[in-house]
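**Q** Only the shape, not the letters, is given here:
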Ligand code: VGL
């Protein structure tokens, strides 16, 4: 039996115009479409999760911590010091960002229209608020684990407990947290959809590369909600 979850990624003020410190172009324009997806009469979700980037103020992926310009790259060590075969600590290059989604700040709040609709659902369907990015020393573009796959959020366990087989992702950003979360869901065995009209990228100019990453991984990207198959909502 198909049981579907909607996962709304990082619909937080810092990713949204006009004031977000890492505002994604037209980010706010997807909110009303996402709110429409919360209509349980129309869409029979078994689970709805909202993820929150939730960083300490000295998070390692903030450019301010490295004295470099936002959107430049830094090379970081594996947070647990894992080594390659030759005994050398594993490293990876990461883009560093303006400070954003600092725990407890206005910028970390969910968009108010979405938040109100989401809160009002909470006794009618299983829901989760999944925080990620709270460990200072590693990035979490994924909502199931960090980028090194060393620490896991509770979301996968909650979805498994609820018997979820299919997930639909919307939110921000199409080329970072939505993309990497979708890849993580596929790795964990979920049938994974992304609705591209209800997501926006940081780098629209890289869309061809982003689309390739989705399709290489087996994520089904549909343009609009109408393109989602009916079987997602048959219980
Ligand atoms: C994100 C850049 C930095 C995202 C998070 O939510 O996609 N993007 N941190």
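**A** Thanks, I have the structure now. Given the structure is predicted, the values throughout are model-derived calculations rather than measurements.
**Q** need the longest strand for this structure.
**A** Taking DSSP state E as the criterion, the chain has its longest strand at strand 191-200.
**Q** Counting neighbours, what do you get for residue 215?
**A** The local packing of residue 215 (other C-beta atoms under 10 Å) involves 11 other residues. All C-beta atoms are positioned from the backbone trio N, CA, C, and that covers glycine.
**Q** Does the residue located most distally from the centre of the chain fall in a helix, a strand, or a coil region?
**A** Ranked by distance from the centre of the chain (C-alpha atoms, centre = their mean), the top residue is residue 86, with 34.0 Å. Secondary structure, DSSP: H, G, I helix; E, B strand; the rest coil: residue 86 is coil.
**Q** helices or strands next to the helix or strand encompassing residue 169 in the packing?
**A** According to DSSP states H and E, residue 169 maps onto strand 166-172. Packing contacts for strand 166-172, counted by 3 or more C-beta pairs under 8 Å, 6 or more residues apart in numbering; DSSP states H and E, involve strand 4-9, helix 31-36, helix 177-187, strand 191-200.
**Q** change it to 10 Å
**A** strand 4-9, helix 31-36, strand 47-53, helix 177-187, strand 191-200, strand 220-222 (3 or more C-beta pairs under 10 Å, 6 or more residues apart in numbering; DSSP states H and E).
**Q** re the thing from before, buried residues, whichever helix or strand comes after the longest strand of the chain. List them.
**A** Where DSSP H and E defines the elements, the next helix or strand beyond strand 191-200 is helix 207-217. For helix 207-217, a neighbour-count test (16 or more other C-beta atoms under 10 Å) marks 210-211, 214 as buried.
**Q** quick check, nearest of these to residue 14?
**A** residue 210 (21.0 Å; C-beta to C-beta).
**Q** hang on, isn't residue 171 packed against residue 118?
**A** No. Counting by C-beta atoms under 10 Å, residue 171 does not reach residue 118; the two are 11.9 Å apart.
**Q** any common contacting residues for these two?
**A** Common contacts of residue 171 and residue 118 (C-beta atoms under 10 Å, 6 or more residues apart in numbering): 8, 11, 34, 50.
**Q** need those residues in JSON lines with distance to residue 124, pLDDT and neighbour count, can you?
**A** Converted to JSON lines, these look like this (distance: C-beta to C-beta, whole Å; pLDDT from 0 to 100; neighbours: other C-beta atoms under 10 Å):
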{"residue": "8", "distance to residue 124": "16", "pLDDT": "98", "neighbour count": "27"}
{"residue": "11", "distance to residue 124": "20", "pLDDT": "98", "neighbour count": "27"}
{"residue": "34", "distance to residue 124": "17", "pLDDT": "98", "neighbour count": "23"}
{"residue": "50", "distance to residue 124": "15", "pLDDT": "97", "neighbour count": "23"}
